[in-house]
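J.: Fold the following, please.
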Amino acid sequence: METASDRPPRLTTTALEALRMSRSRERILNNLEEMYREAFERAKETGDPSQMAALDFSYRREQLYFEILLDVRDAIEKR
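T.: Numbers count the residues shown, from 1 in each chain. As a prediction, this is how the structure comes out:
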């Protein structure tokens, strides 16, 4: 006989409401910045301007994606 703890987790509205997101917006964006800053510094040390430009663009794009996702998370949590 299968119990509730035997079943894999599902991303249902009830499950999402039961879970609280533990990472703050600032922590997530700071982690993203730190990761890209390290990669940018490595590219800068090797003198690779095309890699530096690609990382700069990627960082700004990822930051925008995360901000959108965090806005969605905040909206869900307020419901």
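J.: C-terminal to the helix-or-strand element of the chain with minimal mean pLDDT, what's the next element?
T.: Using mean pLDDT, DSSP states H and E, the weakest-scoring helix or strand in the chain turns out to be helix 13-18, at a mean of 66. Going down the chain from helix 13-18, the next helix or strand is helix 25-46, by DSSP states H and E.
J.: Contacts for that following helix, please.
T.: Residues outside helix 25-46 that contact it (Cβ atoms under 8 Å, 6 or more residues apart in numbering): 51-52, 55-56, 58-59, 62-63, 66-67, 70, 74. Bear in mind the C-beta positions are built from the backbone N, C-alpha and C, glycine included.
J.: Let's see that with 6 Å instead.
T.: 51-52, 55, 59, 70 (Cβ atoms under 6 Å, 6 or more residues apart in numbering).
J.: Secondary structure element holding the most centrally placed residue in the chain?
T.: The chain has Phe66 as the residue nearest its centroid, 5.2 Å off, counting by Cα atoms, centre = their mean. Using DSSP H and E, Phe66 falls within helix 49-78.
J.: which of the contacts of helix 25-46 lies closest to Thr12?
T.: Closest approach between the contacts of helix 25-46 and Thr12, by Cβ to Cβ: Leu70, at 21.1 Å.
J.: picking up where we left off before, which members of the contacts of helix 25-46 come out as buried by neighbour count?
T.: By neighbour count, with 16 or more other Cβ atoms under 10 Å, the contacts of helix 25-46 hold 52, 55, 59, 70 as buried.
J.: pLDDT-wise, what's the bottom of these?
T.: Within the set of the buried ones among the contacts of helix 25-46, pLDDT is lowest for Leu70 (92).
J.: Please tell me how far it sits from Gly47.
T.: Distance, Leu70 to Gly47, using Cβ to Cβ, to the nearest Å: 35 Å.
J.: Same check on Arg27?
T.: In terms of Cβ to Cβ, Arg27 sits 32 Å off from Gly47.
J.: what's the pLDDT at Thr12?
T.: Per-residue pLDDT puts Thr12 at 71.
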